[in-house]
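S.K.: how would this look folded up:
(chains A and B)
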Amino acid sequence: MILLDRVSKTYSKDTKPSLDRVSLHVEPKEFVIVVGQSGAGKTTLLRLLTREERQTTGKIIVGGIDYDKLKDREIPLLRRKIGVVFQDFKLLPNKTIFENVAFALEMVGMGNKEIRNTVPKVLDIVNLTGKEDNMPIQLSGGERQRVAIARAIVRQPKILIADEPTGNLDPKHAWDVIKILEKINRYGTTVLLTTHNQEIVNRLKRRVVTLKDGRVVSDRANAGYKI
Amino acid sequence: MGKKKLITFWRIVHTGMVNFARNISLAIAAMAIMVVTLTIVLFSLIINDTFSHTIYQITSKIDISVYLKDSVNQQQTAKLLGEIRSLSNVQSAAYLSKAQALKVYEAQNSSNQQLIQAVQETNNPLPATIIIKPRNLNDLSSIKSFLSLPAVNKLQTDPPSYSGQEKQAIDRITHATNVLREIGVVAVIVFAVVSVLIIFNTIQMAIFNRRDEIQIMRLLGASTSYIRGPFIVESIIYGVVSAMISVLIINEAFQASSTTLQASSLGLLDIGYANQFFTDKFLVLLILEVVLGIVIGAVSSLIATRRYLKFKSR
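M.R.: Below you'll find the predicted structure:
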């Protein structure tokens, strides 16, 4: 599903690469946790996968798409196949909660009736029924995080990328979010989660990839947290 | 597929209108600037036309008089008149007989009884006259050279006079009017360009304020046109509303204070004519303003969104 082959990324101003020859292979329906301290390259890795950034060297193939052969006008189509939960939520500030989630469906031309059917179901999954008409600014951090998740999963993507989705949440809400991710994974979505929350990693008992200074230092199944 | 496109198009328009309403404070700020600049453009357009009108009125009073010898007969006059009228730079040529010339002279000098008496005591010394109105004051040479042909010159008592004054005076007027006309056209163009720049800048700032929104939509995989569309719709609304307000402002100004305007322009401008021009051309001017507003709005937002829509290259 996701294949990285010796991928490096050096930002133009830096001399040291943010990612250094990272190779990673994720099977369909797998649940992979990427751990590592701040600056280890987690976010860079995700940004390469969403094609927000381009790798300096190496090969990236996601869902059969070779990123080197991807034309600019095909990038939107790629992004529609990947659901992303951003660390900073990235909700549209001028749209209501309903509209934020509906946007993901509207932009691909789905009919209004179908949208009106689908969005409430997804908002129910993330426990936000009744907040449809609120603006993002009226919600708490945890609620916004769940809106971001709802938006990422509403199109039922094959791949879900979640960048520190629990970073701003208290332990109880953090675990709620993780349970949602597990649920989505059970329905068949490949999940790639980055976190530095030790407790979550230990409770999940999933494959853990550890990044340090831009390199993969360990990649173990059913692992606990260890840096 | 067609239905999907229709849904998308309608969504873009709808989103643009909703965004306009939700960002109303930003919209008002942008539109205020657009109204001011569009009003200046409209105002300079009207002023320019009024100037042209005034200039036309001055220059249309300028004519060339050809004085014929008493011995010239009707046939010769008719032939000469025909030849003059066939010159390309002649707008019209009118014939005044000796009697008519006298009447005109008496009318022009009605306040000077002595002069009139003197003329009446003699046996009408005034010659029959052909009055030529030229089309283009700057190019009198063709008329001049025709009038100085030996065959034509032979029929005249005196050299032709230009409005009864010297050619120099006419030259000065024509030069001045040409300069004024050019200044008017340049002013309209300058104001138009400046307002385009100001409006462009305003919209660019408005979009800069919302660049995050564009980038988020980009990350979610929205297509370029789907992101850009609502911004263009919004800017078009700015343009339409601003254009209509600016036309209304000019309209109010004319209705409320045409006498004040007339006084303050020191009689240099024919406000009555300006008002008439505005009323006659109201629809054309309104459409022109709206189209200008739409085009500037659409193009500005098109350009302003571009940089936030770019994909990273390696």
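
S.K.: residue of chain A closest to chain B, please.
M.R.: Of all residues in chain A, the one sitting closest to chain B is A:R79 (3.2 Å; CB to the nearest CB). Where C-beta positions appear, they are placed from N, C-alpha and C, glycine not excepted.

S.K.: for that residue, list the residues it contacts.
M.R.: Contact analysis of A:R79 by CB atoms under 8 Å, 6 or more residues apart in numbering or on different chains lists A:T50, A:R51, B:L219, B:L220, B:G221.

S.K.: what about the strands in chain A?
M.R.: Listed in chain order, the strands of chain A (DSSP state E) span residues A:2-9, A:19-26, A:31-35, A:57-62, A:65-66, A:82-85, A:159-163, A:190-195, A:207-212, A:215-220.

S.K.: would you format the ones you listed as JSON lines with distance to chain B, mean pLDDT and mean neighbour count included?
M.R.: Putting the strands of chain A into JSON lines (distance: least, CB to the nearest CB, whole Å; pLDDT from 0 to 100; neighbours: other CB atoms under 10 Å in any protein chain shown) gives the following:
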{"stretch": "strand A:2-9", "distance to chain B": "10", "mean pLDDT": "94", "mean neighbour count": "19"}
{"stretch": "strand A:19-26", "distance to chain B": "14", "mean pLDDT": "94", "mean neighbour count": "18"}
{"stretch": "strand A:31-35", "distance to chain B": "19", "mean pLDDT": "94", "mean neighbour count": "23"}
{"stretch": "strand A:57-62", "distance to chain B": "10", "mean pLDDT": "94", "mean neighbour count": "18"}
{"stretch": "strand A:65-66", "distance to chain B": "13", "mean pLDDT": "92", "mean neighbour count": "13"}
{"stretch": "strand A:82-85", "distance to chain B": "7", "mean pLDDT": "93", "mean neighbour count": "25"}
{"stretch": "strand A:159-163", "distance to chain B": "11", "mean pLDDT": "93", "mean neighbour count": "23"}
{"stretch": "strand A:190-195", "distance to chain B": "16", "mean pLDDT": "93", "mean neighbour count": "24"}
{"stretch": "strand A:207-212", "distance to chain B": "21", "mean pLDDT": "93", "mean neighbour count": "21"}
{"stretch": "strand A:215-220", "distance to chain B": "21", "mean pLDDT": "91", "mean neighbour count": "15"}
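
S.K.: so B:V196 is in which element?
M.R.: B:V196 belongs to helix B:167-208 when assigned by DSSP states H and E.

S.K.: using JSON lines, lay out the strands of chain A together with distance to B:K4.
M.R.: Shown next, in JSON lines, are the strands of chain A (distance: least, CB to CB, whole Å):
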{"stretch": "strand A:2-9", "distance to B:K4": "30"}
{"stretch": "strand A:19-26", "distance to B:K4": "33"}
{"stretch": "strand A:31-35", "distance to B:K4": "34"}
{"stretch": "strand A:57-62", "distance to B:K4": "26"}
{"stretch": "strand A:65-66", "distance to B:K4": "23"}
{"stretch": "strand A:82-85", "distance to B:K4": "22"}
{"stretch": "strand A:159-163", "distance to B:K4": "24"}
{"stretch": "strand A:190-195", "distance to B:K4": "28"}
{"stretch": "strand A:207-212", "distance to B:K4": "39"}
{"stretch": "strand A:215-220", "distance to B:K4": "43"}
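
S.K.: which of those sits closest to B:K69?
M.R.: Each of the strands of chain A was scored for nearness to B:K69 using CB to CB, and the closest is strand A:65-66 (98.6 Å).

S.K.: and the closest one, which strands flank it?
M.R.: Here strand A:65-66 has these sheet partners by DSSP bridges: strand A:57-62 (antiparallel).

S.K.: check the offset of the strand it pairs with from the chain's centre.
M.R.: The chain centroid and the centroid of strand A:57-62 are separated by 18 Å, computed with CA atoms, centre = their mean, to the nearest Å.

S.K.: and the stretch 151-300 of chain B, which residues reach chain A?
M.R.: Neighbours of chain A within the stretch 151-300 of chain B, by CB under 8 Å from any CB of the partner chain: B:210, B:212-213, B:216-224, B:226.

S.K.: one more time with 7 Å
M.R.: Neighbours of chain A within the stretch 151-300 of chain B, by CB under 7 Å from any CB of the partner chain: B:E213, B:I216, B:L219, B:L220, B:G221, B:A222, B:S223, B:Y226.

S.K.: what count of nearby residues applies to the residue in the stretch 201-314 of chain B positioned nearest to chain A?
M.R.: Nearest residue of the stretch 201-314 of chain B to chain A (CB to the nearest CB) works out as B:G221 at 3.2 Å. Applying other CB atoms under 10 Å in any protein chain shown, we find 24 other residues in the vicinity of B:G221.

S.K.: next: B:S25.
M.R.: Using other CB under 10 Å: B:S25 sits among 8 other residues.

S.K.: so which elements touch the host helix or strand of it?
M.R.: Following DSSP H and E, one finds B:S25 within helix B:24-60. Contact here means 3 or more CB pairs under 7 Å, 6 or more residues apart in numbering or on different chains; DSSP states H and E; on that basis helix B:24-60 packs against helix B:167-208, helix B:224-264, helix B:271-280, helix B:282-309.

S.K.: residues contacting the helix or strand following it, please?
M.R.: Going down the chain from helix B:24-60, the next helix or strand is strand B:64-68, by DSSP H and E. With CB atoms under 7 Å, 6 or more residues apart in numbering or on different chains as the test, strand B:64-68 has contacts from B:77, B:127-132, B:134, B:143, B:147, B:155-158, B:160-162, B:164.

S.K.: and strand B:64-68 with helix B:167-208, angle?
M.R.: Here strand B:64-68 runs at an angle of 160 degrees relative to helix B:167-208 (axes from the mean of the first three to the mean of the last three CA atoms, to 10 degrees).

S.K.: what ranges does chain A have for its helices?
M.R.: Along chain A, counting by DSSP state H, helices occupy A:42-49, A:75-81, A:97-106, A:112-125, A:141-153, A:171-186, A:198-204.

S.K.: will you turn those helices into CSV that also has mean pLDDT?
M.R.: Shown next, in CSV, are the helices of chain A (pLDDT from 0 to 100):
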stretch, mean pLDDT
helix A:42-49, 92
helix A:75-81, 92
helix A:97-106, 95
helix A:112-125, 94
helix A:141-153, 91
helix A:171-186, 87
helix A:198-204, 87
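
S.K.: okay if I get those helices as TSV plus distance to A:V22?
M.R.: What follows is the helices of chain A, written out as TSV (distance: least, CB to CB, whole Å):
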stretch	distance to A:V22
helix A:42-49	7
helix A:75-81	20
helix A:97-106	29
helix A:112-125	32
helix A:141-153	23
helix A:171-186	22
helix A:198-204	19
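
S.K.: out of the strands of chain A, nearest to B:A206?
M.R.: B:A206 lies closest to strand A:82-85 among these, at 27.6 Å (CB to CB).

S.K.: packing partners for that closest one?
M.R.: helix A:141-153, strand A:159-163.

S.K.: for B:I12, find the nearest of the ones you listed.
M.R.: Using CB to CB, the nearest of those to B:I12 is helix A:141-153, at 19.6 Å.

S.K.: contacts for that closest one next, please.
M.R.: Applying CB under 7 Å, 6+ apart, the contact partners of helix A:141-153 are A:83-86, A:89-91, A:97, A:100-101, A:104, A:122-123, A:126-128, A:131, A:136, A:139, A:160, A:165, A:168-169, A:173, A:177, A:180, A:184.

S.K.: again with stretch B:304-312
M.R.: Under CB under 7 Å, 6+ apart, the answer for stretch B:304-312 is A:52-54, A:72, A:75, B:203-204, B:207, B:211, B:214-215, B:218, B:224, B:227-228, B:231.
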